[in-house]
Structure formats: C-alpha cells, structure tokens
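# Fold the following, please.
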Amino acid sequence: MATLEVVCPRCRATATVELLASETDWHSMIFGARRLTCTTCGHSKHQPARTSSNPTMGCELRLKALTRWGNLEFFNREHLAYVEGYIASPNRHVRYEGKGPRNNTIFSRLPRWAKLAGHRSEILAAIKRL
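A predicted model of the protein is given here:
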C-alpha cells in the first residue's frame, strides 16, 4: 500500500494519504481510491476511484527540501531516502536500456540543478533538516 505524507488541511500537522487498492499497477496507483487521515486532529476524507485523480487529494506534500536553486518534494520517507542516495552518490549514471521513454526513472525527472555535483552538499544538508 502506497502512503504519502501530506499537510493536514485542517490543522497543518502531518497527515497520510493511503492508496486503498491492493493492486500495485500504475493505473490503480494513480486513479485508485484513497483515504486522507490525520492522527493529530482526527480529520479524515475518502476519495473514490475515478478516471482522473490527484494523488495527494489536494494537500501539499509534507517533505520539502528548500535550497537556493529550488525545492525538492518527496512523497514519503522511502522516496526521500531513494533520492538522497542518488544525490549523495559520486557515480550517478543510470543505464538506459533503450526500452520506453528516456525519462522513465525518478532520477531523470529531477531538475538539472539537483544533479550537479557542485550543489550536492547544500541539497543533502536541506534533506537532513527534514
């Protein structure tokens, strides 16, 4: 089950958006039913499965690394750790197999400034503050 960390629209504490579908195919993950829950104020909301969907249910993501070049947002701690490992690595080559679009990885979707070695220490410091 995919869980996103978001800002509760009622109390601004950390809330979660959970995908209710048991399937992990891309269609279910994007368009499946989901539930927003805040353990601080008890706010909850259900979004039924539909043809178009907002994965965060209209809430802003909680995990944001703010830098002078721009901001990086993360869906959850697992996503943050994955991207942090890539940014920290001196060997950032992701092999392209020639199948599908070239931008089919998380890393290909990072902004160019986030991939520059000269920005590494500031980006990692911003991530550590989360």
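# Helix, strand or coil: sort out the residue nearest to R62 when sequence neighbours are not counted for me.
What sits nearest to R62 in space, not counting adjacent residues and going by CB to CB, 6 or more residues apart in numbering, is E5, at 4.2 Å. No exception for glycine: its C-beta is placed from N, CA and C like everyone else's. Following DSSP: H, G, I helix; E, B strand; the rest coil, E5 is assigned to strand.
# any idea where the helices of the protein begin and end?
Using DSSP state H, the helices of the chain run over 26-31, 77-88, 112-115, 120-128.
# Of all these, which one is nearest W69?
Of all the helices of the chain, it is helix 112-115 that lies closest to W69, at 4.1 Å by CB to CB.
# distance between that closest one and the chain's centre?
Averaging C-alpha positions (CA atoms, centre = their mean, to the nearest Å) puts helix 112-115 17 Å from its chain's average.
# Go through it and flag the buried ones.
By neighbour count with 16 or more other CB atoms under 10 Å, helix 112-115 contains the buried residues A114.
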